[in-house]
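In: Sequence and predicted model, in that order:
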There are 2 protein chains.
Amino acid sequence: MQTVIEKKGYDPAQNADNGNRFLTGNGYMGVRGTPCEFGPEGMAAVNLAGIYHQKGDAWREPLNAPNPLYFEAEGASLAADAGNILSHALSLDIADGTFHRETAFSLPGGVLHIAQERFCSMAQVHLLAQRVTLRASGSLSVSLRAGIDSRVWDIHGPHYDRIDFAREDGVIVADAVTDDGKTVCAALRLCTDEPCAFSGGLLSLTAGLRGGEVYAYEFIAAIYTSADCADPRGAALRAVQESPGYDALLAQQRSAWNSLWDDARVIIDGDPRAEFAVNYSLYHLMSIAPRHARDLSVPARGLSGQTYKGAIFWDTEMFMLDFYLGAMPQVAASTLRYRIATLPGAKKKAAEYGLSGAFYAWESQEGGREGCSDYNVTDVFTGRPMRTFFRDKQIHISAAVVYGLKKYFERTGDDGLMREGGAQVILECARFYMSLMTKRILSDTYDLCDVVGPDEYHERVCNNAYTNEMARMTLRTACSLCPQYATDAHPDELAAFADAAGHLKRQQPDPQTGVIEQFDGYFALEDASVDAVRARLKDPREYWGGAYGVAAHTQVIKQADVIALLYMLGGYDRSVTEANYDYYEPRTEHGSSLSACMYALCACMIGRPEEAYPLFLKSAEADIQGGGKQWAGLVYIGGTHPAAAGGAYMVLLFGFLGLRFEGDGFSLHPCLPKGWTRVSMNVWHRGTRRRIVCEALPS
Amino acid sequence: MQTVIEKKGYDPAQNADNGNRFLTGNGYMGVRGTPCEFGPEGMAAVNLAGIYHQKGDAWREPLNAPNPLYFEAEGASLAADAGNILSHALSLDIADGTFHRETAFSLPGGVLHIAQERFCSMAQVHLLAQRVTLRASGSLSVSLRAGIDSRVWDIHGPHYDRIDFAREDGVIVADAVTDDGKTVCAALRLCTDEPCAFSGGLLSLTAGLRGGEVYAYEFIAAIYTSADCADPRGAALRAVQESPGYDALLAQQRSAWNSLWDDARVIIDGDPRAEFAVNYSLYHLMSIAPRHARDLSVPARGLSGQTYKGAIFWDTEMFMLDFYLGAMPQVAASTLRYRIATLPGAKKKAAEYGLSGAFYAWESQEGGREGCSDYNVTDVFTGRPMRTFFRDKQIHISAAVVYGLKKYFERTGDDGLMREGGAQVILECARFYMSLMTKRILSDTYDLCDVVGPDEYHERVCNNAYTNEMARMTLRTACSLCPQYATDAHPDELAAFADAAGHLKRQQPDPQTGVIEQFDGYFALEDASVDAVRARLKDPREYWGGAYGVAAHTQVIKQADVIALLYMLGGYDRSVTEANYDYYEPRTEHGSSLSACMYALCACMIGRPEEAYPLFLKSAEADIQGGGKQWAGLVYIGGTHPAAAGGAYMVLLFGFLGLRFEGDGFSLHPCLPKGWTRVSMNVWHRGTRRRIVCEALPS
């Protein structure tokens, strides 16, 4: 089966996408798929999980480590792009998480081949390894620079006040320090026989290459931060000194990935493209999974960069959790423990808005800190920041946390998280919605007004169908789980929850058409086509939403909203699902990578796998294809799309295979795309790994 | 005392302002102060009251009549501006409402003097009259064109599908017809001895002028519309045929204005500038007062043009009503009968929003039709219409109607309007607020959420202090007046009004500072200065409000809001008024002509006449000075400012003189500006005209 993805030829316009496409990671860090001579201009970065910093008033974002795998041969640099590139290829083997690069440069004395193999150790998550090999067609003398690159790529930096370099016992160490005392240390063991000069973290040497011979440079590097231990410098130094050599590390790497794939691998007979796309998606989800941590979650852009502020969104619970439950249950628990651990931050946020309970951060950083500002988009016409309402009005985030906790409980059968504080989270989320709910004084219907639903193009709406049902689910989940698990839930309060759940407005399917109105007044908006709305753009980068965006006053929506509701909560008649799918799909821009998978799942629910298939592939190949929306106004939002990857997994498992858990067991209700003859994979359920095999009936 | 305002010299950039500055009118029509040879490019217009039309999807706006006072001498036209203007002056005599123009042109054969005197008859409101006189320095032969100009100035037109011209018995008639069957007829009696050609409404002739002699052309014209009678053409023809000649009409005019001035004239000894400015303001208010009608109101831009869609705003009740009550009580009644007559329109609007009761139009046209669209401002950067919320969220309009009815009842002591339907209006307005009010389900406080207050720069706010208090006043007025006058008010419903009035959130003065928060969250906004906010403009025409305007996320406000509340409803401690005046004045852009008078009134309330004085003059001279805000985004909003004129009257009477009505009597609490020695004027109160004289104590 295919495990390698390769891109041949050098196109600088592809640097950003390739950095995502060829990402390697281990949950502790993510290293962008960039050639070893790249610096910030090529978006080279060693992205770290769970450690953030704010420079002045700029956006708070995760810290990148100084890059300890820097290597450059003079005259042979893609970054310099001097017109002497004879051939070039990048590749990634998802079987063992190794990144490869091979380039041939024409130099005055002959052709120089540079090859590079690199991985983030899955066995020891603080370690990185790289082997660079040089081979010349004739004898060449080449100046080399290698070591720890101090030019850290930052979007809203620079984050480090200073970076101190030293060389001790053949190990280069970089100590990077922020103004609030955070330290990130990189250590690098790089053995070379040639005499070297050392300056600014880099060794300089001249290599005499004999024609046809291969010269290898092996990098063993370690990253530790002040969030890991009291002495990150000592820990990093020790880690590289105690590390085995490159080949031994690579052997560990293969073994670690093998056991991950044992749980995760999907085999799709009859469709190698889909098979690779799904496994590539799972590769990404595993590469960013915090296996090493007890209560860390997964950012919306994975570990591919600082976009989206390295923050945790609803993406994790709603789009990635199913994969982690199915293949890495301990990671699923970690992402939810992150929510339990950050409950104080969510309560603080609610209080700041004069509300009760827990209002989780829309963009959650460490400690539940809200990374989302009130100004998330820059107006392309004026250059001014635009007031957005993701932070304060996208209240469905708290329900997403409840949804994740509930799903974990039901899928694993393990009430440990409930006892550890999960039930308290649910209780506080219910309190949050109770404190928000309003009613007209002359009416008995309760409303959730002035919200933003999943479709962010329509701001400040009332009774968003998805949001109201998720809030109702929260109230009812609190009623069912809190009596047993949340000690401070009073019966009167729970009775009030139940009563409110009964009064909260439900956007009912229209009796004639079956269509559910996305929010009060949605149907009265202009019914323009997505293409017509797109044609109104005066700048391709302008934001479709906001108060005056081209979509804002039309029925064109960014992403699945009612459709997300239909899949996520279920319980609607098939005819309703069908009516809404047919209504909303043509009105959806799919401007979010979270959209296609929801439509694909609904398409499967109504027996249309052929309509689901392209949407499924769009999700599964989001990072293979690259491109996609790179800008929101003037703000760069590129990176990997783990939620789309998780969505592809959901479509496969719950759409095409039609898996339904039933107590400790499950059943399949397959709806396979044309050409698929057999699908097999493993899924963890209730503490046991179950083998799933689904064969298509001969046609 | 000064009664004439004059501008010498010709500056085309002043054409728009002069058209307003020298406006003549009689409540039925308003004729812009433009020279007789001006057409649409010079904004010449005969604006009509109370008749509207919509062309396609464009904004609905009042109809302009074809201009029956057109006169042009070839080679002697300001409109052509051929560089031969020797002298030019425009003037207006407010004593009799006559417009004057004198221009000398250099022509090849000598100097031609053109003089023009014009008025809208106050005695017979369908009539217009004009005398044009020519005098040449030497003998000249001049081609003349005169008659009814078919080039009607429209902002969102053309409104007429066709205009038919005829000449019968020396009378030129124009029949202008819209696509929905509205007809506007202009008839013109213009006697001349010379042989004429007639075409397209215009007579063409050649005048042989002997040097030094004066040649006069007298225009007697009439306007009737299909809103006036079944045969407007016949009526217009008859009117000009039966009309006396120019001199007799002018005598009637002087007599009519004399009796108007008897009620209205203000004498301010010691300050001729203020005296003229106030009387000039009252001239405008009288020129647009619908004396001829039983239930017509006064548009926000008077009869100066189609801006603001010729619609009735809260301006009438809140800013003009005091003058009409004081000087023209029958006009005050007409404006309020307009609200009674348009109650069905207001109920229809409420129902359209799913609400009960009466939601008056923000921009009310005939029948209470809402002239305000959802898109009132054009974005200067994109050229796109911007969604605004004047129409749907400026809910204080219904309370303004109640305020006016209540004031009329208290001031006149006449309960006729209450019996005629005024009390029903109050009841329906109370029902409207009842249907809008919300509460958090866990709270006993009632809220009015998602509104726009008088300060339009802050959209979609909650619990605007002014709006909430006006709503409370409405509920309480209903409780006090409806039992007697509104037959369908049920005691239970009135009890619910009283209860809601008790629960509706009151923005209390801060216990420390005394400052009232304009709306929930206002104090948390950026506290930038007006100048700092202005400096952020990238285009002088851009809108300060809206979602992203420069003021929207700061404490800078467009106009009096809390301050309007303090004056309009009163009942606050002087220290509170003082604290709020000092807080809000520096944060107010005064971007509306409704703002300065409110601050001036509050300044008087706290004994600071010297601070009030410049604000008073700003109001009184709004149309003398001209300029002002001519643009909201890309939309032209120029015209006269009758609300500022009315505001100046309020500052004089209730501020500087400190008039307080007490039952059938009144008392004065003067607070005169420096230099004012004596003020005298008449005020109608409770059916009697009372003389008010206030003398300053010798200093």
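Out: Looks like it came in fine. Numbering: from 1, shown residues only, chains lettered A, B, ... in the order given.
In: In this structure residue A:297 contacts residue A:332, no?
Out: No: if you go by CB atoms under 8 Å, residue A:297 and residue A:332 don't touch, sitting 10.2 Å apart. Backbone N, C-alpha and C define where each C-beta goes, glycine included.
In: Quick check: closest non-adjacent residue to the residue of chain A found nearest chain B.
Out: Taking CB to the nearest CB, chain B has its nearest neighbour within chain A at residue A:547, 3.3 Å off. Sequence neighbours aside, residue B:547 is the residue nearest to residue A:547 in space, at 3.3 Å (criterion: CB to CB, 6 or more residues apart in numbering or on different chains).
In: just residue A:467 next, same as before
Out: In space, and not counting its chain neighbours, residue A:467 is closest to residue A:396: 4.6 Å by CB to CB, 6+ apart.
In: and residue A:295, how many neighbours?
Out: 17 (other CB atoms under 10 Å in any protein chain shown).
In: give the contact list for it.
Out: A:334, A:337-338, A:340-341 (CB atoms under 8 Å, 6 or more residues apart in numbering or on different chains).
In: try residue A:437
Out: A:446-448, A:471, A:500, A:504, B:440-442.
In: Relative to residue B:74, how far out is it?
Out: Using CB to CB, to the nearest Å, we find residue A:437 at a distance of 75 Å from residue B:74.
In: quick one, strands of the stretch 501-650 of chain A?
Out: Taking DSSP state E, counting those that start in this stretch as the criterion, the stretch 501-650 of chain A contains strands spanning A:631-632, A:635-636.
In: returning to what we had before: my read is that the residue nearest to residue A:547 contacts residue A:546, right?
Out: Yes: in this structure residue B:547 lies within contact range of residue A:546 using CB under 8 Å: 6.7 Å.
In: Overlap of the contact sets of these two?
Out: By CB under 8 Å, 6+ apart, the residues touching both residue B:547 and residue A:546 are residue A:386.
In: neighbour-wise, which of those two wins?
Out: residue A:546 (23 against 20).
In: Any residues of chain A in contact with chain B? List them.
Out: A:356, A:379, A:381-382, A:384, A:386-387, A:434-442, A:446-447, A:449-450, A:460, A:500, A:503, A:538, A:546-548, A:552-553 (CB under 8 Å from any CB of the partner chain).
In: Just the buried residues out of those residues, in PyMOL syntax.
Out: Of these, the buried ones can be selected in PyMOL as follows, counting by 16 or more other CB atoms under 10 Å in any protein chain shown:
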select buried, chain A and resi 356+379+381+382+384+386+387+434+435+436+437+438+439+440+441+446+447+449+450+460+500+503+546+547+548+552+553
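In: Go through the residues of chain A next to chain B and flag which are in helices.
Out: Among the residues of chain A next to chain B, the subset assigned to helices under DSSP state H consists of A:434-436, A:500, A:503.
In: neighbours of residue A:85, just the number please.
Out: Neighbour count for residue A:85, taken as other CB under 10 Å: 16.
In: what number of residues lie near the residue nearest to it when sequence neighbours are not counted?
Out: The spatially closest residue to residue A:85, leaving aside those adjacent along the chain, is residue A:10, at 5.3 Å (CB to CB, 6+ apart). Per other CB under 10 Å, the neighbour tally for residue A:10 reads 17.
In: go on, the one 3 residues further on?
Out: Residue A:13 has 7 neighbours, counted by other CB under 10 Å.
In: Can you classify it by secondary structure?
Out: helix (DSSP: H, G, I helix; E, B strand; the rest coil).
In: So for it, what pLDDT did the model give?
Out: You'll see residue A:13 listed with a pLDDT of 90.
In: Over to residue A:202?
Out: Confidence at residue A:202, expressed as pLDDT, is 97.
In: Is it in contact with residue A:145, as I believe?
Out: Yes: in this structure, residue A:202 is within contact of residue A:145 by CB under 8 Å, at 4.9 Å.
In: which neighbours do these two share?
Out: residue A:70.
In: can you pull the contacts of residue A:670?
Out: A:656-658, A:694, A:696.
In: Compare those and tell me which has the most neighbours.
Out: Greatest neighbour count in the contacts of residue A:670, by other CB under 10 Å, goes to residue A:656: 26 neighbours.
In: Give me the distance between the residue lying farthest from the centre of chain A and residue A:113.
Out: What lies farthest from the middle of chain A is residue A:139; by CA atoms, centre = their mean that is 46.0 Å. Note on residue A:139: its distance to residue A:113, by CB to CB, is 14 Å.
In: Residue A:5: which element?
Out: strand A:4-8 (DSSP states H and E).
In: was I right about residue A:465 contacting residue A:523?
Out: No: with contacts counted by CB under 8 Å, residue A:465 stays clear of residue A:523, the gap being 11.9 Å.
In: residue contacts, residue A:605?
Out: When contacts are counted by CB under 8 Å, 6+ apart, residue A:605 is found next to A:566-567, A:574, A:577, A:655.
In: how far away is it from residue A:618?
Out: Applying CB to CB, the value for residue A:605 to residue A:618 is 18 Å.
In: The residue of chain A closest to chain B and residue B:546 touch, don't they?
Out: Yes: here residue A:547 reaches residue B:546: they are 6.7 Å apart, a contact under CB under 8 Å.
In: Pull the residues that contact the strand holding residue A:5.
Out: Here strand A:4-8 has contacts from A:14, A:18, A:21-22, A:87-94, A:276, A:280, A:624, using CB under 8 Å, 6+ apart.
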